[in-house]
Structure formats: structure tokens, C-alpha cells
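J.: kindly return the folded structure for what I paste below:
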Amino acid sequence: MSVLKVTLALAAAALLAGCSMVRLAYDNAELYVKYRAGHYLDLKGAQDHELAQRIDSFFAWHRSEALPDYARVAGEAAKRVGKGLSREDLVWGYDSLVAHARHSLRAAAERVAPLLDDLTPEQVAYMEKGFAEDNRRYAKEHLRGSEQERRGRRAKRVQERLEDWVGNLSQAQVERIGRYSQRAPLVDEWRDRDRKRLQAEVLEMVRAREAQQRLAERLVHWERGRDPAHAKASEAAREEFYALLLDLDRSMTPQQRALAQETFGRYAQDFSRLASQKGQ
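T.: Residues are numbered from 1 along each chain as shown. Just a heads-up that it's a prediction; the model follows:
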């Protein structure tokens, strides 16, 4: 579970980071994942060597299979941003990211599951401790403070991420982000419950030595079993975000649009270059 989560987090970071950082992060991703795995998996000797081999196998697959798709999506996104965005473009972008996440989760789960089925009870307890530490960190970052404080932090995060793409925002654009954050449901509590539910299911299948049978399918369909109220709130939040992006797109200056298009284009080039290094 830890390897899967860290790997997908790195993939998301690559999509959102600055272009030069994409190459730097990806070139060091295998070492970072191996390091972070120690937070969840207390492995020694042959087990530790096996984990390293499985991580290497995943990244070899990712360079060969996933990165070319990332390049195609980024190139297509550049064209769509240049023309001006529609709701259909945003749905396409969201669906593309979800599809890539599911594909990578399956590949990672299939590689790590055999190792998880060999964990001792003590090692499973160590994994459970790692999950608990993550949950405390999540609560500190996302659940602290009043509702208004959390909405304010969300608006600030969105502003910072958008400025990475289009440069400085106007006061009117910043105010529109504030309205979005006030309107969109806060789903952090739902996410906290859902991650704990998924963690418990993973621990149960690992204790039963059924990871090879069940892990990939469970992680690929992470939303299965989700509280209907959570699904409804998440959909409402996504629709508010779509509305925000469409309003911001209509208000973008030519310079902002050119920067966003250029950034997507550089991502496409970087992903293509990274994929071409698969044999090195």
C-alpha cells in the first residue's frame, strides 16, 4: 500500500510541478519510493532486496507505458487551453487523469502484492502504525481550525497552484477563487473516513494473505463502498471547481493563456524525453 501511494503521489507531483522539476523528481523517484517504503514496511535481507526489484520493475513499466500517455495528454491539453476551455475539456482532463491513476495503481499493486502476502504479523503491525501516523498528519494539515479557516487555506492553495500555471492573478481572479472556496463543500472529513476505511480493508487482506487476489482490484476501484453522501459532496465540489476554471479561463489575459499553453507543451516534451530514457 505504501509503495502504491508514494508512487502515485510522485506521478501527480510530476504533472503539477515546474517543468525542470519534473525531470529532477522523476530521476530520483525510485530512490525516494524505496526510502519512503521504510515508513510502512519493516523489511530485512531478501525481502528488502525483493521490494527494491519490484519498485524497479514498476518504474521500468511506468517509463515505457505511462509516460508516453502523459506526453500525449499534456500535448492535447496545450491545444485545448490555447483555444479556450469548455466544460467538455475539463471533463476530458479529469477522466484522463483518473484513467491513468487506475492504470498505474493496477501495475503497482500487481508488483507489490506478492511481497505483502509474505509479511509477518509484526510487519503488518508496523504497516498499521505507518497508516496511523499518516492519518495524524492528514488531520493536522486538513482538519484543524474552524470551517472558515479551512476554506481560507483551500483558497490559498488553489491560488498558488493556478499561479504556477498562468502567472500572477488579478484581484478579480483571486476573489473568484475565494467565492469558489466558500461555495464548494468541504470534503476533508469524508476523505479522512474513506482513507481509513481503505486502509482497514488493505490490512485485513494482508493479514489474510489475500493481497495477490484482491489488492489490485480494490485499489483500482478505490471509490467502491464510499458513503453516498461523500460521493455527492465530491461531485458537487468538482462541479464548483469546473465553474471556477471556466470563469478564470474567460478572464485570462493573452499572456496568462500563452504561459499556460507553453507550460503544457513543456510537460509534453519532458514526459517524452523521460520515456525515451527507459533503456538507459
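J.: for the longest helix along the chain, what is the average pLDDT?
T.: Counting by DSSP state H, the longest helix found in the chain is helix 87-116. Averaging pLDDT along helix 87-116 gives 92.
J.: same check on stretch 206-220?
T.: On average, stretch 206-220 scores 94.
J.: what residues does it touch?
T.: Contacts with stretch 206-220, where a contact means CB atoms under 8 Å, 6 or more residues apart in numbering, come from 1, 4, 102, 105-106, 109-110, 112-114, 116-117, 119, 121, 124, 127, 198, 201-202, 205, 224. Just so you know, the C-beta spots here come from the backbone N, C-alpha and C atoms, and that holds for glycine as well.
J.: Glu189: neighbour count?
T.: Other residues near Glu189 come to 13 when the count uses other CB atoms under 10 Å.
J.: so it is in which element?
T.: helix 188-207 (DSSP states H and E).
J.: do the same with Gln255
T.: Per DSSP H and E: helix 254-276 holds Gln255.
J.: of the contacts of stretch 206-220, select the buried ones using a PyMOL command.
T.: The buried residues among the contacts of stretch 206-220 can be selected in PyMOL (16 or more other CB atoms under 10 Å) with this line:
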select buried, resi 1+4+105+106+109+110+112+113+116+117+119+124+127+198+201+202+205
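J.: could you check the pLDDT of Asn32?
T.: Actually, residue 32 is Tyr. It isn't Asn. pLDDT, read off for Tyr32, is 74.
J.: ok, now how distant is it from Gly38?
T.: 11 Å (CB to CB, to the nearest Å).
J.: so who does the residue lying closest to Leu90 once chain neighbours are set aside touch?
T.: Closest residue to Leu90 apart from its sequence neighbours, by CB to CB, 6 or more residues apart in numbering: Tyr242 at 4.9 Å. Shown in contact with Tyr242 (CB under 8 Å, 6+ apart): 87, 90-91.
J.: just Arg72 next, same as before
T.: For Arg72, the contact set (CB under 8 Å, 6+ apart) comprises Ala268.
J.: need phi/psi at it.
T.: Here is the backbone geometry of Arg72 (degrees, to the nearest 10): phi -60, psi -40.
J.: where does it land on pLDDT?
T.: On the pLDDT scale, Arg72 gets 95.
J.: ok, it to Trp165 distance?
T.: 19 Å.
J.: check Arg191 too.
T.: Distance from Arg191 to Trp165, by CB to CB: 24 Å.
J.: same question for Pro68.
T.: Distance from Pro68 to Trp165, by CB to CB: 23 Å.
J.: on contacts alone, who are the packing partners of the longest helix of the chain?
T.: Judged by 3 or more CB pairs under 8 Å, 6 or more residues apart in numbering; DSSP states H and E, helix 87-116 is in contact with helix 2-16, helix 45-61, helix 67-83, helix 211-220, helix 228-251.
J.: could I get those as TSV with distance to Lys140?
T.: Listed next are the helices and strands packed on helix 87-116 as TSV, based on distance: least, CB to CB, whole Å:
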stretch	distance to Lys140
helix 2-16	18
helix 45-61	28
helix 67-83	32
helix 211-220	25
helix 228-251	21
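J.: select from the ones you listed the stretch with the lowest mean pLDDT.
T.: Among those, helix 2-16 carries the lowest mean pLDDT (a mean of 40).
J.: excluding chain neighbours, give the residue nearest to Ala66 in space.
T.: Using CB to CB, 6+ apart, the closest residue to Ala66 is Ser104 (5.8 Å).
J.: now do Ala236
T.: Per CB to CB, 6+ apart, closest to Ala236 is Pro185, 5.3 Å.
J.: cool, and Gly93?
T.: Leaving aside its chain neighbours, Gly93 sits nearest to Ala77 (6.4 Å; criterion: CB to CB, 6+ apart).
J.: do I have it right that the one you found meets Glu262?
T.: No. Contact status for Ala77 versus Glu262: not in contact, 11.8 Å apart, counting by CB atoms under 8 Å.
J.: looking at these two, which is more packed in?
T.: Comparing Ala77 with Glu262 by other CB under 10 Å, the one with more neighbours is Ala77, at 23 against 14.
J.: quick one: the helix holding Gln255 to helix 228-251, angle?
T.: 120 degrees (axes from the mean of the first three to the mean of the last three CA atoms, to 10 degrees).
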